[in-house]
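1. no FASTA, just this:
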């Protein structure tokens, strides 16, 4: 079991309030991602759950039990750090065995579990190496191995992939998702990368300045963002926003259109807005056009990878009327 | 051409380094050669460099007059004992300052260091009276205690500096892995800080070994260390220069050897963190 409940959690460092008031209910077995720009308090929130930071006020419950004042060692959670945080003076085997030794498990059982974890994570041939003799991806696997052997109530991941190169990141992302499907243990994953959030999460918590902007499934956040911040944060490339008279036509303070929700034409006059291509990013599968729209500013448009454009090409855009997001003056979705 | 110049510079610096080293070492060298001379030759004018008559008599006299072995044993007990006791106190102290600092941590560190700037003689009378009342005068454990106290600021400072270099993530990982404070310090922090702890240990053994003020004032016959042993040989008449040299040589030899064999460790420890 591993349900986690946060009740009016507040965290301040001296005068600075990092997390004003957060309440969350994370179900057993769920994969929840905390996402937000740097400094939004997502790592602090994870550390509060881990017990590495003390809450200023509020309660944290694990399976209904109040653990607000329990030290990390007594919470039964496992954490994977961004820096891997392996013990440099121990072999891979001893690193993975460390939590089991701390739990005073018999040696025979420790050996069995370490072997099993090493097999699961393809670390069999590295067991006697020191962490410094491993590559970044292998180190991250050891860190995950160390977390899974003790069968924790929940896993906490603090930006575990940000030190890996892009290709390895995609691989590890998949491995962690598979691991979750296999173990069915609660996982909380912190990242600033909304692609990781979208691809891995059952539910996403979007944080901004210590506040939960929205908590929902990835597609919910994409299709029904609660406010302008979430709309801008989720989705890649990010949503285009238009203020002023054009928004007023839609009875809103501002409107948003995702790059993929435009119809694009090169025929003169065949579009609601006209503009000039500034930069065309050809990805092969897609082409991202950065278009200087007359009177509205720079917008990103996603189009077919087979179409080619050059700087200075004149284009005509029509936003999909059913997919225009409307926001009021406070940024709330209408 | 640049290559030749750099070779010449290298040779120049090597010669300079040797010259400076020899200059610094010359008093010790002089003590060593004098220890093997007769008393008459030791004060001869003009002085001789190498002993004309090589003798070991001085060493026999020194051991006969005052018990070298006993003093050496006391030195070992006090220097090693005070360093180990200091480490036991300093490791948790440095841990808390490095990993759980408060607003006052820096002040406490500075205050501890400031006690080293105070002249020792300033607290001689209160310490002497406390030692007298607690019956610690002329005892090895009393001397060990005072040596621990006077070196504690340095031990804590050195360990604090080494501990600051250890990523806090690793200690936090240990906490997440179920390690209580004791396990965190013993199984994770200490093994990672071994180079730093070793050089702290070596430096403090050397400092305690060489300490003269407190050992001479707080001991007499029973608990005297080698520094007290040498001072008993200094005579205003200057007639026992060879014996004094022999006593000095015997006193510094163990620590000189320790320093020689551990110099790599010491340099590594003292520059730890300075060069990554």
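-> All right, it came through fine. Since the model is a prediction, treat every value here as computed from it, not as a measurement.

2. switch to C-alpha atoms for all contacts and neighbour counts from now on
-> Noted.

3. Verify the stated contact: residue B:189 with residue B:173.
-> No: in this structure, residue B:189 is not within contact of residue B:173 by CA atoms under 8 Å, at 11.7 Å.

4. got the contact list for the residue lying closest to residue B:164 once chain neighbours are set aside?
-> Distances taken as CA to CA, 6 or more residues apart in numbering or on different chains put residue B:98 closest to residue B:164, at 5.5 Å, once the chain neighbours are dropped. By CA atoms under 8 Å, 6 or more residues apart in numbering or on different chains, the residues touching residue B:98 are B:160, B:163-164.

5. Distance check, residue B:98 against residue A:173.
-> Residue B:98 sits 35 Å away from residue A:173, going by CA to CA, to the nearest Å.

6. same thing with residue B:146?
-> For residue B:146 relative to residue A:173 (CA to CA), the value is 59 Å.

7. can you check residue B:44 too?
-> 84 Å.

8. Need the pLDDT of the residue of chain B found nearest chain A.
-> Chain B approaches chain A most closely through residue B:178 (3.9 Å), counting by CA to the nearest CA. Looking at residue B:178, its pLDDT stands at 91.

9. Secondary structure element holding it?
-> Residue B:178 is part of no helix or strand when elements are defined by DSSP states H and E.

10. give me every residue that touches it.
-> Counting by CA under 8 Å, 6+ apart, residue B:178 touches A:72-74, A:76, A:99, A:102-103.

11. and which of those residues is nearest residue A:221?
-> residue A:76 (31.1 Å; CA to CA).

12. I figured that closest one was touching residue A:155, is that so?
-> No: between residue A:76 and residue A:155 there is no contact under CA under 8 Å: 9.5 Å.

13. tell me which element the residue nearest to residue B:164 is part of?
-> helix B:68-99.

14. What mean pLDDT does that helix get?
-> Rounded mean pLDDT across helix B:68-99 is 93.

15. does residue A:79 count as helix, strand or coil?
-> strand (DSSP: H, G, I helix; E, B strand; the rest coil).

16. separation between it and chain B?
-> 6 Å (CA to the nearest CA, to the nearest Å).

17. Hmm, that residue is touching residue A:156, no?
-> Yes: using CA under 8 Å, residue A:79 is in contact with residue A:156, at 4.5 Å.

18. quick one: contacts for the closest residue to chain B within the stretch 101-250 of chain A?
-> Residue nearest to chain B within the stretch 101-250 of chain A: residue A:102 (5.8 Å; CA to the nearest CA). Counting by CA under 8 Å, 6+ apart, residue A:102 touches B:177-179, B:183.

19. So among the residues you listed, which ones count as buried?
-> B:177-179 (16 or more other CA atoms under 10 Å in any protein chain shown).

20. Looking at those, which is nearest residue A:218?
-> When the buried ones among the contacts of residue A:102 are compared against residue A:218 (criterion: CA to CA), the nearest one is residue B:177, at 31.2 Å.

21. domain ranges for chain A?
-> The record assigns chain A these domain ranges, following automatic domain parsing: A:4-232, A:237-327.

22. which one of the ones you listed has the most crowded surroundings?
-> Among the domains of chain A, ranked by average contacts under mean count of other CA atoms under 10 Å in any protein chain shown, first place goes to domain A:4-232 (a mean of 19).

23. which intervals of chain B have sub-threshold pLDDT?
-> Along chain B, the model assigns pLDDT under 70 to residues B:1-5, B:234-239, B:268-276.

24. Please name the residues that touch the residue located most distally from the centre of chain A.
-> Most distant from the centre of chain A: residue A:268, at 41.5 Å, with distances by CA atoms, centre = their mean. If you count contacts by CA under 8 Å, 6+ apart, residue A:268 has them with A:315-316.

25. how much space between it and residue A:319?
-> Separation of residue A:268 from residue A:319 (CA to CA) stands at 16 Å.

26. and residue A:22, that one's in a helix?
-> No: going by three-state DSSP, the assignment for residue A:22 is strand, not a helix.

27. Show me what it bridges to in the sheet.
-> residue A:9 (DSSP bridges).

28. does it really touch residue A:9, like I thought?
-> Yes: if you go by CA under 8 Å, residue A:22 and residue A:9 touch, sitting 5.0 Å apart.

29. if I've got this straight, residue A:93 is in a helix?
-> Yes: counting by three-state DSSP, residue A:93 is located in a helix.

30. re the thing from before, any idea whether the residue farthest from the centre of chain A is helix, strand or coil?
-> Going by three-state DSSP: residue A:268 is coil.

31. Now it: phi and psi?
-> Main-chain dihedrals, residue A:268, degrees, to the nearest 10: phi -60, psi 130.

32. That one and residue A:321, how far apart?
-> Counting by CA to CA, the gap from residue A:268 to residue A:321 is 21 Å.

33. mind checking the longest helix of the chain?
-> The chain I'm using is chain A. helix A:166-183 (DSSP state H).

34. think we crossed wires, I meant chain B
-> Chain B, longest helix under DSSP H: helix B:2-35.

35. How far does it sit from its chain's centre?
-> How far helix B:2-35 lies from its chain's middle: 24 Å, per CA atoms, centre = their mean, to the nearest Å.

36. again, but for stretch B:142-158
-> Counting by CA atoms, centre = their mean, stretch B:142-158 is centred 11 Å from the centre of its parent chain.

37. Can you give the contact residues for that stretch?
-> Counting by CA under 8 Å, 6+ apart, B:77-79, B:81-83, B:85-87, B:90-91, B:93-94, B:109, B:112-113, B:115-116, B:131, B:136, B:196, B:200, B:204, B:207-208, B:214-215, B:218-219, B:223 sit against stretch B:142-158.

38. Just the buried subset of these, please.
-> Buried among the contacts of stretch B:142-158 (16+ other CA under 10 Å): B:77-79, B:81-83, B:85-87, B:90-91, B:94, B:109, B:112-113, B:131, B:136, B:196, B:200, B:204, B:207-208, B:214-215, B:218-219, B:223.

39. Next, the angle helix A:166-183 makes with whatever helix or strand residue A:187 lives in.
-> Counting by DSSP H and E, the element that carries residue A:187 is strand A:186-191. Using axes from the mean of the first three to the mean of the last three CA atoms, to 10 degrees, one finds that strand A:186-191 and helix A:166-183 are set 160 degrees apart in direction.
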